[in-house]
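Student: following is a predicted model, sequence given first.
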Amino acid sequence: MKLEIARGLFLAASLGVASLCAAAWSEPDAKLVARSDVSEHCPLPRLAQVTGPQARPDQDLLLFMYGLSQSLVGRG
């Protein structure tokens, strides 16, 4: 392969990588939702109390969370 062709392919590949990085870098801004917008989309009245099953944590939940955090330590 000639040097000019290799340089051209390298330039095209580097521009492609740079454009992908630029596209990934531009993240949308955080926006706050106004309180009036939330009330319009709520299917229940504001004063209605929803009673559902109460969640009871398992006895081993803390141990499970500790194990999850320890498994991520080695990757950092």
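Tutor: Great, that's in hand.
Student: ranges for the strands of the chain?
Tutor: Read by DSSP state E, the chain holds no strands at all.
Student: in it, which spans are helices?
Tutor: Along the chain, counting by DSSP state H, helices occupy 3-25, 35-41, 61-73.
Student: mean pLDDT lowest for which of those?
Tutor: Lowest mean pLDDT within the helices of the chain: helix 35-41, at a mean of 57.
Student: what about residue 14, how many residues close to it?
Tutor: Residue 14: 10 surrounding residues under other CB atoms under 10 Å. Any C-beta I mention is one placed from the backbone N, CA and C, and that applies to glycine too.
Student: likewise for the one 5 residues further on?
Tutor: The tally of other residues near residue 19 (other CB under 10 Å) stands at 10.
Student: likewise for residue 6?
Tutor: Neighbours of residue 6 (other CB under 10 Å): 10.
Student: how close does residue 16 get to residue 66?
Tutor: Taking CB to CB, to the nearest Å as the measure, residue 16 falls 43 Å from residue 66.
Student: got it, and residue 24?
Tutor: Going from residue 24 to residue 66 by CB to CB gives 33 Å.
Student: between these two, which one's more packed in?
Tutor: Higher neighbour count among residue 24 and residue 66: residue 66, with 11 against 8, using other CB under 10 Å.
Student: check the gap between the more buried one and residue 8 for me.
Tutor: From residue 66 to residue 8 the distance is 54 Å (CB to CB).
Student: re the thing from before, can you lay out the helices of the chain as TSV showing distance to residue 54?
Tutor: Shown next, in TSV, are the helices of the chain (distance: least, CB to CB, whole Å):
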stretch	distance to residue 54
helix 3-25	42
helix 35-41	25
helix 61-73	15
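Student: out of the ones you listed, which comes closest to residue 51?
Tutor: helix 35-41 (20.8 Å; CB to CB).
Student: number of nearby residues for residue 55?
Tutor: Neighbours around residue 55, by other CB under 10 Å: 5.
Student: could you do residue 60 as well?
Tutor: Residue 60: 10 neighbours (other CB under 10 Å).
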